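Visitor: task: produce atomic coordinates for the following.
(2 chains)
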Amino acid sequence: MKINLSINKKPHTLEVPSDMPLLWAIRDIVGLTGTKFGCGVSQCGACSVLIDGNLVKSCSIPASFAVGKEIFTIEGTSKTLEFLREAWNEGNVPQCGYCQSGQLMAATSLLDQINNPSDEEIDIAMSNNICRCGTYTRIKKAIHKAAALKNTSV
Amino acid sequence: MSKIQQVNRRDFVKWVGLASGGILLGCNVSSDKKEFIAQRQGSFTPNLFVQIQKDGNIIIMASRSEMGQGIRTSLASAIADELEADWKYISVQQATGNSKYGNQNTDGSRSVRTMLLPMRKMGATAKFMLITAAARKWGIAETACEAEKHFIINKINGEKIFYGDLVDEAAKVEVPLEENITLKKVEEFKYIGKTLKSVDLKDFTHGTANYGVDVRIPDMKFAAIARCPVTFGTVRNFDKKMALQTPGVEDVFKLERVIPPTGQFFGALGGVAVIANNTWSAFQGKTNLSIEWNYGENESFNSEEFQEKLVQRVHQKGKLVSGSSGNVSAAFKESKNTIEATYTVPFLVHAPMEVPNATAWFKGNEIEVWAPVQDPQTARAELAHFFEIPLENITINVTFLGGGFGRKSKSDFVVEAVSLSKKIKAPVQVVWSREDDIQHSFYHATSAQYLKGSLDENGQVTGWLQRVGLPSIVSSFKPMSDFASGFELNQGFTNKPYNLANFRLENVKAESHLRIGWMRSVVHIHSAFGNNSFVDELAFAAKKDPLEFHLNLLGEDKLIKGKSDYPFDSKRLKNVSKTVAKKSNWGKKLPKGHGLGLAIHYSFYSYVATVVEVSSTEGKIKIENIWTAIDCGLVLNKDNVKNQLEGAAIFGMSLAMFGKITAKNGAVEQHNFYDYPMTRMKDTPNIEITIIDNMDTPPTGVGEPGVPVIAPAICNAIFNATGNRVRSLPLVDRGLV
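Guide: Below is the predicted model:
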């Protein structure tokens, strides 16, 4: 089927099988490979993107679900994401880096909803994302840092 | 390192594909003496490169695979330091798989250990040449010049020249002899021993780092393979009609197993391949296949029964392993206080976040591969062997690895991709699903251990018997290898740090019915669990504090030379133990339901001790704190070492809490992260890493040594908190998490 998607504010027209998950439409059809495949069953969060500001696992929703909505991926930019990137850099967070696109999407969603999240709120928001290298303590610290950067910038 | 040589530009362009001018250096970095000599006798082929360009940019070739251990940054920083380079001019290029780069096998926690010195010499040589060039330009003595942050300074008049402006002159300078090179002193280091952030941070945070699965070639196809649930089973027949009707699917065919010759390579499992124009369609096509299998001889394998069998075997006499000493039977007879314990660890799987995958293009008399491989040279040699293509016609482009942990040392997925490309005559990317990864891996072996120890009236250990059974990694190379091999037992079983007058190690039979491989820290996972749990049990039986007991068991300070360049120094092991005890406030009064556990282990020539604090509420355990101290000699990149040790704690937690692969009727029963769970952020304790300052000692392993201590430290803490002794992993099976 032919669908129109808007990814990072850029329109794309693509031909996809009707049941193709958004993840594969983004990666294999549109060709944006920053969004990662990790499990295919909504368990690891590597494929996380934002649709109209809501965090979703793109491996588990059909591409057609996102028609008429705005998709935000790691290739995009937002104020929150830039603060997070700065904090990620400062904390030297990634190891292999593979899960970090999804981590940054989940963190963007969190900070867009809660200005100054507590440890517990971060735990809840970020526990859908697996990092096999184990960078969790750094991610948590970087989210606090990004929140501070964001709050002082306003 | 034999010598550093300048590489002529024509060769450089040929090898590296860069055509810009500048100084280029190569050196022999092989750590293998035989290879080293062979290369010296043959025509000299430099195998590592530093290129200084006219604009001052310095390109450093990374010969080791980047899988999260930060090697690209670490190796570059060693060169940059000796070169007095300004870090902002440094960039890193990934080498293809080629023996001219020396050993590229990225495993065994040895990249920094074996390559730091050659890298430093490389930087120092380049600096020497730049100084000589500047001295000639100014007509002054070299001693009147010094290098500082990308400039050569004229010490007489304070004039300075930028590195980039010196490259033409420096390119004419003869490469100095190694003895004329002076390396910096520890106190002069600018990057080594400090913290440099990853050179790849920007790519990692923008989704632009190119992993294996991100490779895109014009007109490439995507493939999924249905493999037999039972190891080495074959396709009896299959119906491809439904699969072919799947939108996007273009072809379906049987893929023969690629059987490796005895003693080398990994081959590939074979199965039924689905070729599609995107990954999803290939996956869908695969689920729409109906296949009848010949399960073969592993069909009767049941891992639970196998573990019971191993437990029975370790309760009977096994094969005596050399390195045993004294007479344990006599010691046991004399003692009034003997204890016994049996420990088990299940099969485990690596599950890197990026699944195995490879992109290959079989072009007739050439093969090009893009893949996340830890050992690109073995992959290349394997392809040359199986596809009968000359080695020099095979290019292995090493992408970023989305985690490796040993899985990506085995390039079966590369062999698959090349087989498929050869068949369909087009570039193709094979992608494993997570289920494929969990169910068709090279598994970390299961193990059973039986220990018996004796104590005298003073609580001193008088005898130590240990019997171990674990399927050997060797079985993946040589069928019928039914006993753990010497190199495996030498990971913490034979080479114990303890002062034991009477010690006996026995090895029992353990057949393989799954492909067995190595996973981060390998057999040390078993040995550290058995050793540290049992020391804790002995300490309890002796009514002693576990730390005091453990330190006492290490005996008098001793230095054991051994066969390697890295003598074992018991003082260093004691030091990390005392350090971590201090950090964790060992002996402090704990809140109700809390407990502390200690584990100490020497692996990959590094000394590690960990204390874990757990709390117990209504029978469930929470890991509250982990303190780890490491002495790994010289530290190249401080924050990176810290990051590795933090990650090792999480990796160790995952295996301790959840890690368990089982097989029934020969087939692995787990599928994905819902039944092979990982530590998540909500489980993550406070983690505090202490790095012992030991900059005058050569560097040793970092990536792996932090893992083995975690499970036993957790279990010892659980005992301390609850009195419940966990002897079989994982904790989730004991109802504790």
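Visitor: in a strand, B:Glu292, correct?
Guide: Yes. If the criterion is DSSP: H, G, I helix; E, B strand; the rest coil, then B:Glu292 is within a strand.
Visitor: host element of the residue most central in space within chain A?
Guide: With distances taken as C-alpha atoms, centre = their mean, A:Met105 lies nearest the centre of chain A, 2.3 Å away. Using DSSP states H and E, A:Met105 falls within helix A:100-113.
Visitor: near chain B at all, that helix?
Guide: Yes. For helix A:100-113, a contact with chain B is found by C-beta under 8 Å from any C-beta of the partner chain, at A:100-101, A:104. Backbone N, C-alpha and C define where each C-beta goes, glycine included.
Visitor: among the residues you listed, which one lies nearest to B:Gln491?
Guide: A:Gln100 (31.9 Å; C-beta to C-beta).
Visitor: what strand or helix carries A:Val49?
Guide: A:Val49 belongs to strand A:48-51, assigned by DSSP H and E.
Visitor: what of B:Ile689?
Guide: Mapping B:Ile689 onto the secondary structure by DSSP H and E places it in strand B:686-691.
Visitor: output the contacting helices and strands for that strand.
Guide: On a contact count with 3 or more C-beta pairs under 8 Å, 6 or more residues apart in numbering or on different chains; DSSP states H and E, strand B:686-691 meets helix B:570-583, strand B:620-631, helix B:638-657.
Visitor: okay if I get the ones you listed as CSV plus distance to chain A?
Guide: Below are these laid out as CSV (distance: least, C-beta to the nearest C-beta, whole Å):
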stretch, distance to chain A
helix B:570-583, 16
strand B:620-631, 10
helix B:638-657, 3
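Visitor: deepest of these, which one?
Guide: Compared across the helices and strands packed on strand B:686-691, helix B:638-657 shows the largest average neighbour count, a mean of 26 (mean count of other C-beta atoms under 10 Å in any protein chain shown).
Visitor: which bits of the stretch 351-500 of chain B sit near chain A?
Guide: Listed as neighbours of chain A in the stretch 351-500 of chain B under the rule C-beta under 8 Å from any C-beta: B:351-355, B:400-405, B:431, B:433-434.
Visitor: can you do 7 Å?
Guide: Applying C-beta under 7 Å from any C-beta of the partner chain, we find that the stretch 351-500 of chain B lies next to chain A at B:351-354, B:400-403, B:433-434.
Visitor: what's the average pLDDT for the strand holding A:Val49?
Guide: Across strand A:48-51, pLDDT averages out at 98.
Visitor: could I get the buried residue list for that strand?
Guide: Neighbour counts over strand A:48-51 (16 or more other C-beta atoms under 10 Å in any protein chain shown) mark A:48-51 as buried.
Visitor: within the sheet, what are the partner strands of that strand, with directions?
Guide: Its sheet considered, strand A:48-51 pairs with strand A:54-57 (antiparallel), strand A:70-72 (antiparallel) by DSSP bridges.
Visitor: quick one on the thing from earlier: quick one: which of the residues of helix A:100-113 next to chain B has the most company?
Guide: A:Gln100 (32 neighbours; other C-beta atoms under 10 Å in any protein chain shown).
Visitor: show the contacting residues for B:Ile630.
Guide: B:Ile630 sits next to B:576, B:606-608, B:645, B:691-692, B:705-706 when contact means C-beta atoms under 7 Å, 6 or more residues apart in numbering or on different chains.
Visitor: helices of the stretch 101-250 of chain B, start to end?
Guide: Using DSSP state H, counting those that start in this stretch, the helices of the stretch 101-250 of chain B run over B:111-138, B:167-171, B:201-206, B:241-245.
Visitor: repeat for chain A
Guide: Assigned by DSSP state H, chain A shows helices spanning A:22-24, A:79-90, A:100-113, A:119-126, A:136-153.
Visitor: the first one close to chain B?
Guide: Yes. Taking C-beta under 7 Å from any C-beta as the criterion, helix A:22-24 and chain B are in contact, through A:Trp24.
Visitor: which residues touch that helix?
Guide: Contacts for helix A:22-24 (C-beta under 7 Å, 6+ apart): A:35, A:37, A:47, A:58-59, A:61-63, A:65-66, B:278-280.
Visitor: buried subset of those, written for PyMOL?
Guide: One line in PyMOL is enough to select the buried ones among those; burial here means 16+ other C-beta under 10 Å:
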select buried, (chain A and resi 35+37+47+58+59+61+62+63+66) or (chain B and resi 278+279+280)
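Visitor: closest to B:Lys127 out of the contacts of helix A:22-24?
Guide: Closest to B:Lys127 out of the contacts of helix A:22-24 is A:Thr35 (43.4 Å), distances taken as C-beta to C-beta.
Visitor: mind telling me which residue of chain B is nearest chain A?
Guide: B:Gly207 (1.9 Å; C-beta to the nearest C-beta).
Visitor: and that residue, how close does it get to B:Leu269?
Guide: 32 Å (C-beta to C-beta, to the nearest Å).
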